[in-house]
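Undergrad: Show me how the following folds:
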Amino acid sequence: MGKIDMRGTTICCIRKNGEVAIGGDGQVTLGDTVVKHGGRKVRTIRDGAILTGFAGSTADAMNLFERFEAKLDEHGGSLMRAAVGLAKEWRTDKYLRQLEAMMIVADKDNTLLISGNGDVLEPDDGVAAIGSGGGYAKAAASALVNHSELSAKDATRQAMLIAANICIYTNNNITIESISKESQP
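TA: Numbering: from 1, shown residues only. Next up is the predicted model:
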């Protein structure tokens with residue numbers, strides 16, 4: 001039996017006017033079958049100070065989530081240093097190199113996309129998206145950021161809904177978490 005192709009995630013992050021929001025859909029598929037409509041792929045950590053969103057295999061994403069939290073502990077809560085540490089470990093560790101997932105992490109100041117290729121990328125325009133419908137969500141989010149008065153949270157919701165209307169691996173059961181500079185100590 002060959003490898004099972006798991007799809008079904010769109011994660012979108014928008015940073016605008018002192019607010020950052022990450023949204024994720026709830027659809028999880030196994031091959032060509034939807035197995036769950038309400039998966040939660042977006043989480044907050046550090047008492048809501050850091051947002052995370054994962055795309056890829058669920059087990060792989062959870063493994064990365066745990067390792068990212070450990071890297072935060074190791075680097076005194078520094079988002080950038082933890083992300084670089086995770087990407088370095090992910091790229092060099094024989095076991096981790098096999099993981100099929102990506103993640104977006106954000107705090108009040110930074111948005112970072114982390115991949116297994118050792119990439120830690122900070123988007124120029126405050127918009128990042130990953131997963132099956134990531135391209136659709138990013139295009140919609142960029143347009144909404146530049147041509148609407150929507151807040152980061154509302155623009156994220158709209159971008160996710162647009163992606164859900166196009167990508168067959170994305171549904172409209174959307175979870176959004178957000179933080180703003182004003183609400184952080």
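Undergrad: tell me which residues of stretch 28-37 are tucked away?
TA: Neighbour-count burial for stretch 28-37 flags V28, T29 (criterion: 16 or more other Cβ atoms under 10 Å). In this view, the C-beta of every residue, glycine as well, is placed from N, C-alpha and C.
Undergrad: Tell me which helix or strand comes right after the helix or strand bottoming out on mean pLDDT in the chain.
TA: Lowest mean confidence among the helices and strands of the chain (mean pLDDT, DSSP states H and E): strand 28-30, at a mean of 81. Where DSSP states H and E defines the elements, the next helix or strand beyond strand 28-30 is strand 33-36.
Undergrad: Partner strands of that following strand, with direction?
TA: Using DSSP bridges, the strands paired with strand 33-36 are strand 28-30 (antiparallel).
Undergrad: Without its sequence neighbours, what residue ends up closest to K41?
TA: G24 (3.8 Å; Cβ to Cβ, 6 or more residues apart in numbering).
Undergrad: Verify the assumption that G77 is located in a strand.
TA: No. Counting by DSSP: H, G, I helix; E, B strand; the rest coil, G77 is not found in a strand; it is coil.
Undergrad: Name the nearest residue to it, ignoring sequence neighbours.
TA: Using Cβ to Cβ, 6+ apart and skipping the chain neighbours, the partner closest in space to G77 is R46 (6.6 Å).
Undergrad: gap between that neighbour and L79?
TA: Per Cβ to Cβ, to the nearest Å, R46 is found 9 Å from L79.
Undergrad: Ok, A87 next?
TA: Counting by Cβ to Cβ, the gap from A87 to L79 is 12 Å.
Undergrad: and what of H37?
TA: H37 is 31 Å from L79, by Cβ to Cβ.
Undergrad: With G53 instead?
TA: Noted for G53: a distance of 14 Å to L79, by Cβ to Cβ.
Undergrad: swap in N63?
TA: From N63 to L79 the distance is 19 Å (Cβ to Cβ).
Undergrad: now do T33
TA: 36 Å.
Undergrad: Please apply the same query to G48.
TA: G48 sits 14 Å away from L79 when distances are taken as Cβ to Cβ.
Undergrad: Mind jotting down where the strands sit in this structure?
TA: 10-16, 19-24, 28-30, 33-36, 42-45, 50-56, 101-106, 111-114, 120-121, 127-131, 175-180 (DSSP state E).
Undergrad: The fifth one - which strands sit beside it in the sheet, and in what orientation?
TA: Next to strand 42-45 in the sheet, as set by DSSP bridges, lie strand 50-56 (antiparallel).
Undergrad: relative to strand 175-180, how tilted is the partner strand?
TA: If you take axes from the mean of the first three to the mean of the last three Cα atoms, to 10 degrees, strand 50-56 sits at 150 degrees to strand 175-180.
Undergrad: For strand 50-56, what is the distance to the chain centroid?
TA: 3 Å (Cα atoms, centre = their mean, to the nearest Å).
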